[in-house]
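Student: sequence unknown, structure follows:
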């Protein structure tokens, strides 16, 4: 394994140990997801719009906001005892710090989605069947998109006075493309349309991920260095 | 070798570093004394690479890997144990995985923390946390130690032990830069003494056997006239 990637894993493992030991953000995100899905379930009028029409948007809006809870905490961990300052003095490559945070955030989002998806199926009674495997692919691609941009902006926002308010303001415009693509792909999958009809959306999601992974990896050092 | 060449840095209208130049060879210990706001922390942050000076440059042979930094905070993660913290920071500084556990045990024993190794950092007193911060700094056996008020929180016995450790490290060829507002702290360790006032070095000379009282008198004169 390349040294920078090994260092990234060191950072990710530390973040995951801290998260699973305290469980503060993870529990909040899981409870948030369950509550939002519950509210949408009871708040909609099933005679006006079918569950199948609403379900993709509800799923992705819920996951996007839940991801934001996790992204908010990514660099807050480093504020304790000014650990970030220690990391910036160290020889840790900035790209390793970025990828370490990215990996930990991806695990965080994956856990939230793993809990949220069965609840979504349960509440909205969507026919999952053969759609499950490709939907997991959509989840993976869209989550990478959210987390790639979110990790970068989380590092930028953490030095501002109102980081928790600032992050959504910075992030939501960048969430729109993957959110829209994921909703469209999910709608096709849940409507049992042929897989080929979703390929275009998946390709665009993959392109978004690659573009922003590259840009964020290059820009990250400018967000943390003075 | 550590070289500071014409360092100048300001925060708005406040000049924190004003044309500071010096050079230290292995085995030299520089004690930088100055009142609050004199620019000592900025100097150390510039030497550590945390702040890029607006003019001049700082060069540390061996780069970031050679630097051990103790700032105003411990840089430790509260929900990791002392040992986990040391292993994490050892990995960040590139201590080989096979050596890391042994090195952590060695440093913990050296700082009198062997019995606290498996306690989470949040459960430590201020003094013990400071000792753990020192252990963190020594984990990668740095060649240059940059210490900002390192005696804060240590009781008399721990401070004396730390002074002995620093003397031993300097004797083994490490470069030490120690910034403090308290002339009684660290004078006996220093081979060279600097007084910093309003960003400038108003005095920089070998200690040449001068004791704390003599240094304190010279310090008061220099700050008054500076």
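Tutor: Received, thanks. The model shown is predicted, which means the values in this text are computed figures rather than measured ones. Residues are numbered from 1 along each chain as shown, chains lettered A, B, ... in the order given.
Student: What's the local residue count around residue A:119?
Tutor: By other Cβ atoms under 10 Å in any protein chain shown, the residues close to residue A:119 number 17. The C-beta positions use only the backbone N, C-alpha and C, and glycine is treated the same way.
Student: Okay, and it sits in which element?
Tutor: helix A:94-124 (DSSP states H and E).
Student: again with residue B:57
Tutor: Assigned by DSSP H and E, residue B:57 falls in strand B:55-60.
Student: any chance you could map the helices in chain B?
Tutor: B:40-48, B:82-92, B:97-110, B:126-138, B:156-171, B:212-225 (DSSP state H).
Student: now for the last one, which elements pack on it?
Tutor: Right, the one you point to is helix B:212-225. strand B:192-197, strand B:200-206 (3 or more Cβ pairs under 8 Å, 6 or more residues apart in numbering or on different chains; DSSP states H and E).
Student: So which of those strands is nearest residue A:128?
Tutor: strand B:192-197 (67.7 Å; Cβ to Cβ).
Student: and that closest one with strand B:200-206, angle?
Tutor: 170 degrees (axes from the mean of the first three to the mean of the last three Cα atoms, to 10 degrees).
Student: What helices and strands are in contact with strand B:192-197?
Tutor: With 3+ Cβ pairs under 8 Å, 6+ apart as the test, strand B:192-197 has strand B:14-24, strand B:29-33, strand B:200-206, helix B:212-225 packed against it.
Student: residue contacts, the residue of chain B found nearest chain A?
Tutor: Chain B approaches chain A most closely through residue B:75 (3.1 Å), counting by Cβ to the nearest Cβ. By Cβ atoms under 8 Å, 6 or more residues apart in numbering or on different chains, the contact list for residue B:75 reads A:81, A:82, A:83, A:85, A:86, A:87, B:89, B:133, B:136.
Student: what does residue A:187 give?
Tutor: Contact partners of residue A:187, counting by Cβ under 8 Å, 6+ apart, are residue A:56.
Student: Report pLDDT for the closest residue to the residue of chain B closest to chain A other than its chain neighbours.
Tutor: With sequence-adjacent residues excluded and distances taken as Cβ to Cβ, 6 or more residues apart in numbering or on different chains, residue B:75 is closest to residue A:86, at 3.1 Å. pLDDT, residue A:86: 95.
Student: what's around residue A:86, how many residues?
Tutor: So residue A:86, with other Cβ under 10 Å, has 26 neighbours.
Student: Show the contacting residues for it.
Tutor: Contacts of residue A:86 by Cβ under 8 Å, 6+ apart are B:69, B:71, B:75, B:89, B:136.
Student: between the helix or strand harbouring residue A:13 and helix A:94-124, what angle do the directions make?
Tutor: Using DSSP H and E, residue A:13 falls within helix A:3-22. Per the same axes, to 10 degrees, the angle that helix A:3-22 makes with helix A:94-124 is 50 degrees.
Student: Pull up the residues of chain A that are close to chain B.
Tutor: Along chain A, the residues adjacent to chain B under the rule Cβ under 8 Å from any Cβ of the partner chain are A:7, A:10-11, A:14, A:17-18, A:21-22, A:77, A:80-83, A:85-92, A:225-226.
Student: Show the buried residues in the residues you listed.
Tutor: Burial by neighbour count, 16 or more other Cβ atoms under 10 Å in any protein chain shown: within the residues of chain A next to chain B this picks out A:7, A:10-11, A:14, A:17-18, A:77, A:80-83, A:85-92.
Student: returning to that earlier point: and the angle from the strand holding residue B:57 to helix B:40-48?
Tutor: For strand B:55-60 against helix B:40-48, the angle by the same axes, to 10 degrees is 60 degrees.
Student: For strand B:55-60, which strands pair with it and how are they oriented?
Tutor: Paired with strand B:55-60 in the same sheet, following DSSP bridges, are strand B:2-11 (antiparallel).
Student: Now tell me what touches the partner strand from outside.
Tutor: Contacts for strand B:2-11 (Cβ under 8 Å, 6+ apart): B:15-24, B:42-43, B:46-47, B:51, B:53-61, B:144, B:175, B:177, B:199.
Student: Check what pLDDT the nearest residue to residue A:156 once chain neighbours are set aside gets.
Tutor: Spatial nearest neighbour of residue A:156, excluding adjacent residues (Cβ to Cβ, 6+ apart): residue A:223 at 4.7 Å. Residue A:223 is assigned 90 on the pLDDT scale.
Student: So which residues of chain A form helices?
Tutor: Ranges of helices in chain A, per DSSP H, are A:3-22, A:24-43, A:51-74, A:83-89, A:94-124, A:132-157, A:163-190, A:196-224.
Student: Now distance to residue B:185 too, for these, in CSV please.
Tutor: Output for these, formatted as CSV (distance: least, Cβ to Cβ, whole Å):
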stretch, distance to residue B:185
helix A:3-22, 33
helix A:24-43, 38
helix A:51-74, 38
helix A:83-89, 22
helix A:94-124, 34
helix A:132-157, 36
helix A:163-190, 36
helix A:196-224, 32
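Student: Out of these, flag the one nearest residue B:125.
Tutor: helix A:83-89 (19.4 Å).
Student: So, low pLDDT: which residues of chain B?
Tutor: B:226 (pLDDT under 70).
Student: How about the residues of it by chain A?
Tutor: Checking chain B against chain A by Cβ under 8 Å from any Cβ, the hits are B:48-52, B:63-65, B:67, B:69, B:71-80, B:84, B:88-89, B:91-94, B:121, B:136.
Student: Can you tell me which of these are buried?
Tutor: In terms of neighbour count (16+ other Cβ under 10 Å), the buried residues within the residues of chain B next to chain A are B:48-51, B:64, B:67, B:69, B:71, B:73-80, B:84, B:88-89, B:91-93, B:121, B:136.
Student: Not counting residues beside it along the chain, what's closest to residue A:216?
Tutor: Nearest non-adjacent residue to residue A:216 (Cβ to Cβ, 6+ apart): residue A:152, at 4.2 Å.
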